[in-house]
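Engineer: next comes the sequence, and after it the predicted model I'd like to discuss.
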Amino acid sequence: MHEMSIAAAVVDQVERAAREQGFTAVATVRLDVGELAGVVPRALDFCFSLVCEGTALEGATLTTRSVRARARCAGCAVEWYAGMPPDLGCPGCGGGTRVELLTGRELRIRGVEWAEGPLPAQG
């Protein structure tokens, strides 16, 4: 389950930022997750709660926002919802050889809500 490694990476990044900025606890982490990223949000939420134990994120809430897959044809510049699985055939000109996927693969931290509280003991 790659959601565990994703959750661990998110917790590491947020905890590092909290320490660098002088925050002692985290209330909420908001993520953008592209529908083509291959992430199961419920599994990620479960893994996140496990990885947070004993960190500045213990008790934090993970909020995910799904990002729909959008594509653009380089030939005619038409943009469309590519769907899942992605349909990369241009609905404008029928082409599909020069299609750019604009969104849908995201996996990024969109925001963090800091909270006050003691840092967990480091062990």
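Structural biologist: That came through fine.
Engineer: export stretch 108-119 as CSV, just CAs?
Structural biologist: Extracted C-alpha coordinates of stretch 108-119, given in CSV (Å, rounded to 0.1, in the frame of the first residue of the first chain):
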residue,chain,number,x,y,z
ARG,A,108,0.6,18.2,-2.9
ILE,A,109,0.1,19.8,0.4
ARG,A,110,-2.3,22.6,-0.1
GLY,A,111,-2.3,24.0,3.4
VAL,A,112,-1.7,23.4,7.0
GLU,A,113,-3.6,24.7,10.0
TRP,A,114,-1.2,25.1,13.0
ALA,A,115,-2.3,24.5,16.5
GLU,A,116,-0.8,25.3,19.9
GLY,A,117,0.2,22.5,22.2
PRO,A,118,3.2,20.6,23.5
LEU,A,119,5.5,18.8,21.2
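Engineer: for Thr64, see how far away Glu53 is.
Structural biologist: As judged by Cβ to Cβ, to the nearest Å, Glu53 and Thr64 stand 20 Å apart. Bear in mind the C-beta positions are built from the backbone N, C-alpha and C, glycine included.
Engineer: need the contact partners of the helix or strand harbouring Ala9.
Structural biologist: Element membership for Ala9, per DSSP states H and E: helix 2-21. With contacts defined as Cβ atoms under 8 Å, 6 or more residues apart in numbering, helix 2-21 is touched by 24-26, 29, 31, 38-40, 43-44, 46-48, 50-52, 55-57, 62, 107, 109, 112, 114.
Engineer: can you tell me how far the residue nearest to Gly104 when sequence neighbours are not counted is from Cys52?
Structural biologist: If the residues on either side of it in the chain are set aside, Gly104 comes closest to Ala69, at 2.8 Å by Cβ to Cβ, 6 or more residues apart in numbering. Per Cβ to Cβ, Ala69 is found 29 Å from Cys52.
Engineer: please parse the chain into its domains.
Structural biologist: Listed domain ranges for the chain are 1-68+104-123, 69-102 (source: automatic domain parsing).
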